[in-house]
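Undergrad: requesting a structural model of the entry that follows:
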Amino acid sequence: MKAEFSKVVLYTSHHKPSAFLSSDIIKPIHVGKENSYNDICCMGDNTGNNISYKNPFYCELTAQYWVWKNEELPDYVGFMHYRRHLNFSENQGYEEDVWGVVNEDILSTAYEEKFGLNEKSINEAVSGVDILLPKKWSVKQAGSKNNYDHYKSSPHLHIEDYQSAIDSLLFLYPEYATAVREFNQATDGYYTNMFVMKKEIFIEYSEWLFSIFDHLENHFSMRKYSLQEKRVIGHISERLFNIFILNKDKKQPLVKKELQRTFIKNETFNGKLNPAFDERNVQVVICFDDNYALSGGALINSICKNSSIDRNYDIVILENNVSERNKSRLVGLIKNLPNFKIRFFDVNAFSEMRSVYTRAHFSAATYARLFIPSLFSNSERVIFIDADTIVESDIAELASVDLQDNLVAAVKDIVMEGFVKFGAMTHIDDEPKSIHAGDYLTSVLGMTDTQQYFQAGIIIFNISQMNKEDTFTKLISAMKARKYWFLDQDIMNKVFFGRVHFLPLEWNVYHGNGNTDDFFPNLQFSTYMRFLESRKTPSMIHFAGDNKPWDTANVDFFDNFMKYIDSTPWHKEVLDRLNKSNAGIFSVHIENKILLQTKIKRKLMPYLNKFAPVGSQRRQVIARNYYKIRKVILG
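TA: Below you'll find the model as predicted:
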């Protein structure tokens, strides 16, 4: 039975990426969506008639208000939280903690089954009743004398705020005086703002509740409240809910049923991002933190400047603590482009990344690419592109590449070709023995042809094929199996080997990192010639390595980068960085400087090559210590 035909619909309030219940009659709502640039894979409370912006103060009530004002209500309406639910099963005797809740580790199929979180059990639970309530909880468990004292003694709450709400209630509804007194003096109540009630009662309750808060807003104020203290309206509503039930029950006895509450101890995520456009959707994914918002802005601007009006560009930024200011700037880049949409998703939602191996300048967020097949499983294909790149062609061209049954399309990694040729040693912390790059590719990654190693700066994910083969499970299994030299890039090469469609080198042109003339000429001659050819008409330029065009002008394709940073909010910041002082921001001249670490490496390299030739164990030991020291200094 579909949710729209059910006599019951429950809504769960979510404020961040989390696990959703699977039943069709349980609908997740992103509360406070108006205050967030991020997408958490469910509808928001900021459409139609709403108070979404009040969420820091009203908490989950912004979802209740939105449902009341916008939804076509079924026979019964209910509300729960993203990790607090009602136990709809027949067994109401599970062990509870001091707060009166049944604790479970994670949200899973077994959890839903155990607590009857399905349409059949929920419909059976409401049969013949007016309202389902969470089992009453005694405030004596928290050491309080009664409900009034519990509010008064609770941290982050101020009794004068509750008293102001009671004053507003009694001003508007003086007949509630007895119910107010009875609840305040009682030692227990229905807490946590969870319930399932008949439509008529829900409408009556909502009209009553929000009329009180409309009055209250004109008669109280906050006094330098903390984030926790600002949740005052949500806390007050728990008490008003009890007063409403008491008064209504006295006028006309309600048929009530109490249910246990559950609590999920460990947060997980199982949401999916749907395409932003119904047709001609080009799904582009970029991943960066606030330090790379500047380069991400240049990349997005380059995508916009080279786009076609015939395609729709759905850009999702897998972000790691990107500031609200930079999110606003990024969204501003597409302000006048109706065929563009920018969304943000917090990579920290992927709990599996909390214990991954990192080294050198790599962070845990680099593993976010592995989660694309799961997060975007409702898409046909996804184009991933690194944040330290710009494009000089329409990225939508990649949407029509014939992938056949290949899992990905990418560009061959010619730097790895060099590592194999020159006998570079792997750098993996705590590995008992280092091995040559070629041996690593064959023995660890299982690549029988090392020439097929691809670079992960740009990848087309064949999501529809991956869904058929459950590729995501294989990626996560490989991630957990061991540590890797180039982290997620190695994992993808291991899992995707033999299933890669290779793109032209023009789609991942290295800027050279300041060493264009000393590394690439030593590659196989045919590779070097293709490298030179690709640089004539690059479709994508990759500023891989230490030397970035926002730190130094002495890199290849610097002007290409500046062309796309110009007219963005970061243009002044780039000039500041390049000139190293505010006094020079209006100067036309930009110093051709080289980063300190590059200068040091160039000075020491001739001596290093003599003392520790490439491929030697001595070279490996020096390299490991270099990256450890560099990480401490640069972070």
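Undergrad: quick one: contacts for Thr389?
TA: 295, 299, 457-458, 540-543 (C-beta atoms under 8 Å, 6 or more residues apart in numbering). Using the backbone N, CA and C atoms, a C-beta is placed for each residue, glycine as well.
Undergrad: please redo it, this time with the cut-off set to 10 Å
TA: Counting by C-beta atoms under 10 Å, 6 or more residues apart in numbering, Thr389 makes contact with 286, 295-296, 298-299, 302, 457-458, 508-509, 511, 540-544, 561.
Undergrad: show me the helices in the stretch 101-250 of the chain, by range?
TA: Here the stretch 101-250 of the chain has its helices, by DSSP state H, counting those that start in this stretch, at 109-114, 119-126, 147-153, 159-172, 177-185, 199-216, 232-251.
Undergrad: mean confidence score for the fourth one?
TA: If I follow you right, that is helix 159-172. For helix 159-172, mean pLDDT rounds to 98.
Undergrad: buried sites along it?
TA: Across helix 159-172, burial judged by 16 or more other C-beta atoms under 10 Å covers 161-162, 164-166, 168-169.
Undergrad: burial of Ser328, as a residue count?
TA: By other C-beta atoms under 10 Å, the residues close to Ser328 number 11.
Undergrad: distance check, it against Thr537.
TA: 35 Å (C-beta to C-beta, to the nearest Å).
Undergrad: do Gly446 as well
TA: For Gly446, the distance to Thr537 - C-beta to C-beta - is 35 Å.
Undergrad: one more: Asp75?
TA: On the measure of C-beta to C-beta, Asp75 and Thr537 end up 64 Å apart.
Undergrad: before we move on, what about Val495?
TA: 32 Å.
Undergrad: neighbour count winner among these two?
TA: Comparing Val495 with Thr537 by other C-beta under 10 Å, the one with more neighbours is Val495, at 22 against 10.
Undergrad: heading C-terminal from the strand or helix carrying that one, find the next helix or strand.
TA: Using DSSP states H and E, Val495 sits in helix 487-496. Per DSSP H and E, the first helix or strand lying C-terminal to helix 487-496 is strand 500-502.
Undergrad: what comes into contact with that next one?
TA: Taking C-beta under 10 Å, 6+ apart as the rule, strand 500-502 contacts 401-412, 451-454, 459-460, 462, 492-493.
Undergrad: let's see 6 Å
TA: 403, 406, 408-409, 412, 454 (C-beta atoms under 6 Å, 6 or more residues apart in numbering).
Undergrad: centre of the chain to whichever helix or strand comes after it, how far?
TA: The helix or strand immediately downstream of strand 500-502 is strand 509-510, counting by DSSP H and E. The chain centroid and the centroid of strand 509-510 are separated by 29 Å under C-alpha atoms, centre = their mean, to the nearest Å.
Undergrad: next one: stretch 261-268
TA: With C-alpha atoms, centre = their mean, you get 19 Å for stretch 261-268.
Undergrad: returning to that earlier point: just how off-centre is the helix holding Val495 within its chain?
TA: With C-alpha atoms, centre = their mean, you get 22 Å for helix 487-496.
Undergrad: quick check: mean pLDDT of that helix?
TA: Mean predicted lDDT for helix 487-496 stands at 97.
Undergrad: that one - contacts with which helices or strands?
TA: helix 471-481 (3 or more C-beta pairs under 6 Å, 6 or more residues apart in numbering; DSSP states H and E).
Undergrad: for the helix it packs on, buried residues please.
TA: Neighbour-count burial for helix 471-481 [16+ other C-beta under 10 Å]: 471-472, 474-476, 478-479.
Undergrad: now distance to Gly32 and pLDDT too, for those, in JSON lines please.
TA: Shown next, in JSON lines, are the buried residues of helix 471-481 (distance: C-beta to C-beta, whole Å; pLDDT from 0 to 100):
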{"residue": "Thr471", "distance to Gly32": "34", "pLDDT": "98"}
{"residue": "Phe472", "distance to Gly32": "30", "pLDDT": "97"}
{"residue": "Lys474", "distance to Gly32": "37", "pLDDT": "97"}
{"residue": "Leu475", "distance to Gly32": "32", "pLDDT": "97"}
{"residue": "Ile476", "distance to Gly32": "31", "pLDDT": "96"}
{"residue": "Ala478", "distance to Gly32": "37", "pLDDT": "96"}
{"residue": "Met479", "distance to Gly32": "32", "pLDDT": "95"}
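Undergrad: check the residues you listed and tell me the two furthest apart.
TA: Spatially, the most separated pair among the buried residues of helix 471-481 is Thr471 and Met479, at 12.5 Å (C-beta to C-beta).
Undergrad: can you give me every residue that contacts Ile541?
TA: Ile541 neighbours (C-beta under 6 Å, 6+ apart): 390, 509, 511, 557, 560.
Undergrad: lowest pLDDT pick from these?
TA: Within the contacts of Ile541, lowest confidence goes to His511 (90).
Undergrad: buried residues, stretch 64-82. List them.
TA: 64-68, 74, 76-82.
Undergrad: which residues are in contact with stretch 511-524?
TA: Contacts for stretch 511-524 (C-beta under 6 Å, 6+ apart): 418, 528, 531, 541, 543, 545, 547, 555-557, 598.
Undergrad: kindly recompute the last result at 8 Å.
TA: So stretch 511-524 is in contact with 414-415, 417-418, 421-422, 510, 528, 531, 541-547, 549, 554-557, 594, 598, going by C-beta under 8 Å, 6+ apart.
Undergrad: swap in stretch 148-160?
TA: 139, 142-144, 162, 184-185, 220, 226, 228-229, 231-232, 235, 239.
Undergrad: about what we covered before: may I have the helix holding Val495 as PDB, with CA atoms only?
TA: Only the C-alpha atoms of helix 487-496 are listed here, as PDB (Å, rounded to 0.1, in the frame of the first residue of the first chain):
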ATOM      1  CA  LEU A 487      44.500   5.700  -1.100                       C
ATOM      2  CA  ASP A 488      41.100   5.700  -2.900                       C
ATOM      3  CA  GLN A 489      42.700   6.000  -6.300                       C
ATOM      4  CA  ASP A 490      44.400   2.700  -5.800                       C
ATOM      5  CA  ILE A 491      41.200   1.100  -4.500                       C
ATOM      6  CA  MET A 492      39.300   2.200  -7.600                       C
ATOM      7  CA  ASN A 493      42.100   0.900  -9.800                       C
ATOM      8  CA  LYS A 494      41.900  -2.400  -8.000                       C
ATOM      9  CA  VAL A 495      38.100  -2.800  -8.200                       C
ATOM     10  CA  PHE A 496      37.700  -1.300 -11.700                       C
END
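Undergrad: what does that helix contact?
TA: Counting by C-beta under 8 Å, 6+ apart, 356-359, 362, 366-367, 369-370, 407-408, 441, 444-447, 453-456, 459, 471, 474-475, 478-479, 484 sit against helix 487-496.
Undergrad: brilliant, that's me finished.
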